[in-house]
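>>> mind looking at a prediction? Sequence and model below.
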Amino acid sequence: MGRIGAVVLVAVLLGALPAAAAGERAGAALVLYSFDDSLPWQRLLRRGLLDGLAQAPAAGRPALYEERLDRARLGENAVSADFEAHLARKYADLRFDTVVAESLYAAAFLRDHPQMFPGARRYYVNYAASDWAPSDGVAIRVGEDFAPAIAAIPAVVPKLRRLVVVSDRTEMMRQRMGDLAPVLDSWRDRLAVEVWDDFTYDELLQRAAGLGADTAVFYMPVFGDRTGAKVPPFETARRLAAAAPVPIFVHYDSVIGSGVVGGYVLSGERLGRLVADILLGRITDPAQAARLGQEAYRTLYDYGPFERFGLDEARLAEGVEMLNHPQSVWQAYRWQIVTVAIAFVIQSLSLAALVVTLRGRNRALLALDAEKRRVARDARELERRNEELEMVAYAASHDLREPLRTVSTYVTLIERRFGDRLDDDGRAFIAFARDAAKRSNRLVLDLLEYSLAGRSGAAPRPVEIGAAVAAATEALRGSIARTGATVTASALPTLVLCHDDVVRLLQNLIDNAISHRHPDRPPEVEVSARREDETWVFCVADNGMGIDPAYFDKVFVLFQRLDPHRSGDGTGIGLTVCRKIVGKYGGRIWVESVPGQGSRFLFTLPEAEPHPPGG
């Protein structure tokens, strides 16, 4: 094979089996690619080709063969003689009706070997060269339509003053830049235009990081730098988008998704469908081919980067496509809403009644603290409300959860019975319904926990707070191991309290510290205490994300979550339970925090009988 081992040569036979089964064949076709399937462009191109062929009757599809010359990896000096010998040996007994070469390197190979594939119709697609045209086939140059690509940039960046074009000095990009240069010249009286094509990758990122706010970048695929180092064009675009503080526009849709904005782009899939039309005999003359080649373009933007740079969506022309545009709740989940709406009507009404009852009980507790002269009457009223709340809470733990179990059961039955008939949307709808039922069940259980918090029937007894910390840590062993957290405690006192209340209080605070950990460091939680007169002040400190002082009071309010979009199963009830337990013993709880550095949750507990630390 010689150096053929250094060239990625893959042949795939598609569509021949159905035709052979019918006793017919629409001929044989060979597609020569310049690159292998590791490039996103190549994958999009081939997806469009196969989709286009799949639309035709099996008997009308040619037997498809594909060969790949991996020029992106091997460079421009790969020896084509090896490729020629390989093709000659492999297809010695096969006569092709059609041969298509896609992109410059494959097109140059086909041009330089006119003796190969005698009698085959030759098509040169997207071959980039402006200094030659094939004399033995149909030329379809679709990659040189740069005028609308450049015009699209100031259309959405009205304050643009400087345009930087990033390219390289490979043969393909030199050809492309030859087409782009006149377009750039036409803009030089309105913009400062620069071309960056001589750099190392590190130099490129450093220069991009220093660009000003009045600048945009037009990125041509970069296959290598000045030193010969090679990085896939998509990865280079991703790094460039991460480093540059300005929007990056492109001319090929294969790099959209790397953090670039997009623009007037050549679509790999549309070009692949054009190749399919060639193989199916639907393109008969060069004029038709040129017209269809221009239809391979579209204007396409990625919503995330578009919004990140505050580009003007109102200035977009009609027909522009916006990828990843956020949908309204109804658009995204309308079928899920319809599916579970009836089941959740009863649940919503019941939850509303439960919330009203809980808030009424909370107001009664606050009034009791402010009106001590009416303690006896308020105590009787509170006892009555507690009895009612217990009834509602236990009903919630059974009757209210029953519809949720029914929903989960029937969703599971639907998935098992009809799962093989569902499309991706159907399976997504089922997953949403199951997740909604799970979260609602979690909410009911948390409400039950809140209603019962501080209502332990056990008599107060001396509790070693250090042992309570150990019990709380043991209960959180899974979370601690998963996050690499460390929990330490200094010398802590022994107080007369209900043991379960103290463990639940500490467990909620430690769990809160772990849940709101900083993404760049493992959580560290320290429990300490100091004595002030006849009261002990406890502190649970962490090194997590911290809390904005504007939210210090809100963190203890029922159902308040400072970041409702943060992943996790919490319902925002844990700190409310802590406040309730501390309030039971006449104490208070508050938070001190510096955003980004961590938080300190402090609470006080009275000392009925003196018990020194460790005693």
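Yes, it's here.
>>> isn't residue 597 right next to residue 545, touching?
No - applying C-beta atoms under 8 Å as the test, residue 597 and residue 545 come out as separate, 9.0 Å apart. All C-beta atoms are positioned from the backbone trio N, CA, C, and that covers glycine.
>>> which one of those two has more residues nearby?
Shown here are residue 597 and residue 545; by other C-beta atoms under 10 Å, residue 545 has more neighbours (19 against 12).
>>> the more buried one reaches residue 593, doesn't it?
No - with contact defined as C-beta under 8 Å, residue 545 does not reach residue 593; the gap is 9.0 Å.
>>> which intervals of the stretch 201-350 of the chain have sub-threshold pLDDT?
Scanning the stretch 201-350 of the chain for pLDDT under 70 picks out the ranges 286, 327-334.
>>> do you have the strands of it handy? List them.
Taking DSSP state E, counting those that start in this stretch, the strands of the stretch 201-350 of the chain run over residues 215-219, 248-250, 262-266, 297-302, 321-323.
>>> got TSV for those strands, with distance to residue 170 too?
Output for the strands of the stretch 201-350 of the chain, formatted as TSV (distance: least, C-beta to C-beta, whole Å):
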stretch	distance to residue 170
strand 215-219	15
strand 248-250	17
strand 262-266	17
strand 297-302	23
strand 321-323	28
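>>> a markdown table please, covering these and showing distance to residue 528 and mean neighbour count.
Below are these laid out as a markdown table (distance: least, C-beta to C-beta, whole Å; neighbours: other C-beta atoms under 10 Å):
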| stretch | distance to residue 528 | mean neighbour count |
| --- | --- | --- |
| strand 215-219 | 52 | 24 |
| strand 248-250 | 51 | 25 |
| strand 262-266 | 54 | 25 |
| strand 297-302 | 49 | 20 |
| strand 321-323 | 51 | 14 |
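>>> ok, longest helix in the chain?
With DSSP state H setting the assignment, residue counts place helix 329-370 as the longest helix in the chain.
>>> what's that one packed up against?
Identification of packing neighbours for helix 329-370 by 3 or more C-beta pairs under 8 Å, 6 or more residues apart in numbering; DSSP states H and E yields helix 375-395, helix 401-418, helix 424-452.
>>> run the last query once more with 10 Å
Secondary-structure packing of helix 329-370 (3 or more C-beta pairs under 10 Å, 6 or more residues apart in numbering; DSSP states H and E): helix 375-395, helix 401-418, helix 424-452, helix 574-584.
>>> mind exporting the shortest one as CSV, just the C-alpha atoms?
Read it as helix 574-584. In CSV, the C-alpha atoms belonging to helix 574-584 read as follows (Å, rounded to 0.1, in the frame of the first residue of the first chain):
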residue,chain,number,x,y,z
GLY,A,574,-35.3,23.4,54.5
LEU,A,575,-34.3,26.8,56.0
THR,A,576,-37.9,27.5,56.8
VAL,A,577,-37.9,24.3,58.9
CYS,A,578,-34.7,25.5,60.6
ARG,A,579,-36.4,28.8,61.6
LYS,A,580,-39.4,26.9,62.9
ILE,A,581,-37.3,24.6,65.1
VAL,A,582,-35.2,27.5,66.5
GLY,A,583,-38.4,29.5,67.1
LYS,A,584,-39.8,26.5,69.1
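>>> what do residue 545 and residue 593 both touch?
Residues touching both residue 545 and residue 593 by C-beta atoms under 10 Å, 6 or more residues apart in numbering: residue 599.
>>> for stretch 83-93, which positions count as buried?
By 16 or more other C-beta atoms under 10 Å, the buried positions in stretch 83-93 come out as 83, 84, 86, 87, 91.
>>> hang on, the first one packs against residue 89?
In other words, residue 83. No - using C-beta atoms under 10 Å as the test, residue 83 is too far from residue 89 to be in contact (11.2 Å).
>>> so residue 47 is in which element?
Of the helices and strands defined by DSSP states H and E, residue 47 is found in helix 40-54.
>>> got the angle for that helix vs strand 262-266?
50 degrees (axes from the mean of the first three to the mean of the last three C-alpha atoms, to 10 degrees).
>>> helices and strands around the following helix or strand past helix 40-54, which ones?
Proceeding N to C from helix 40-54, the next assigned helix or strand is strand 63-68, under DSSP H and E. When contacts are defined as 3+ C-beta pairs under 10 Å, 6+ apart, strand 63-68 packs onto helix 16-21, strand 28-33, helix 40-54, helix 80-90, strand 98-102, helix 104-112.
>>> now these in CSV, with distance to residue 63?
Output for the helices and strands packed on strand 63-68, formatted as CSV (distance: least, C-beta to C-beta, whole Å):
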stretch, distance to residue 63
helix 16-21, 4
strand 28-33, 5
helix 40-54, 11
helix 80-90, 14
strand 98-102, 11
helix 104-112, 19
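>>> and the ones you listed: which comes nearest residue 521?
In terms of C-beta to C-beta, the element of these nearest to residue 521 is helix 40-54, at 35.0 Å.
>>> tell me which residues of the closest one are tucked away?
So, applying 16+ other C-beta under 10 Å, buried residues of helix 40-54: 40, 41, 42, 43, 44, 45, 46, 48, 49, 50, 52, 53.
>>> contacts only, for the nearest residue to the first one once chain neighbours are set aside.
Leaving aside its chain neighbours, residue 40 sits nearest to residue 254 (4.2 Å; criterion: C-beta to C-beta, 6 or more residues apart in numbering). Residue 254 makes contacts with 39-45, 221, 233-234, 237, 265-269, as judged by C-beta under 10 Å, 6+ apart.
>>> gap between residue 254 and residue 149?
15 Å (C-beta to C-beta, to the nearest Å).
>>> same thing with residue 466?
69 Å.
>>> which one's more surrounded, these two?
residue 149 (21 against 18).
>>> does the more buried one lie in a helix or a strand, and which?
Assigned by DSSP H and E, residue 149 falls in helix 146-156.
>>> please compute how far that helix lies from its chain's middle.
For helix 146-156, the gap between its own C-alpha mean and the chain's C-alpha mean amounts to 28 Å (C-alpha atoms, centre = their mean, to the nearest Å).
>>> moving C-terminal from it, which element do we reach first?
Per DSSP H and E, the first helix or strand lying C-terminal to helix 146-156 is strand 162-166.
>>> roughly how far out does that next one sit from the chain middle?
The answer for strand 162-166 is 29 Å, by C-alpha atoms, centre = their mean.
>>> after that strand, which helix or strand is next?
Using DSSP H and E, the next helix or strand after strand 162-166 towards the C-terminus is helix 171-187.
>>> in that next one, what's buried?
For helix 171-187, by 16+ other C-beta under 10 Å, it's 172, 173, 174, 175, 176, 177, 179, 180, 183, 184, 187.
>>> as CSV, the buried residues of stretch 83-93 with pLDDT and distance to residue 361 would be great.
Formatted as CSV, the buried residues of stretch 83-93 follow (pLDDT from 0 to 100; distance: C-beta to C-beta, whole Å):
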residue, pLDDT, distance to residue 361
83, 83, 81
84, 85, 86
86, 87, 82
87, 90, 83
91, 92, 84
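>>> what about the helix or strand harbouring residue 488, average pLDDT?
Taking DSSP H and E as the definition, residue 488 sits inside strand 486-489. Strand 486-489 shows an average pLDDT of 94 in the prediction.
>>> please apply the same query to stretch 434-450.
The average pLDDT within stretch 434-450 is 65.
>>> could you do stretch 366-381 as well?
The predicted model assigns stretch 366-381 a mean pLDDT of 71.
>>> for residue 540, which non-adjacent residue is spatially closest?
residue 509 (4.3 Å).
>>> wait, is the one you found part of a helix?
Yes - assessed by DSSP: H, G, I helix; E, B strand; the rest coil, residue 509 belongs to a helix.
>>> and it, how far from residue 536?
15 Å.
>>> who has more neighbours out of the two?
Set side by side, residue 509 and residue 536 show more neighbours around residue 509, with 24 against 21, by other C-beta under 10 Å.
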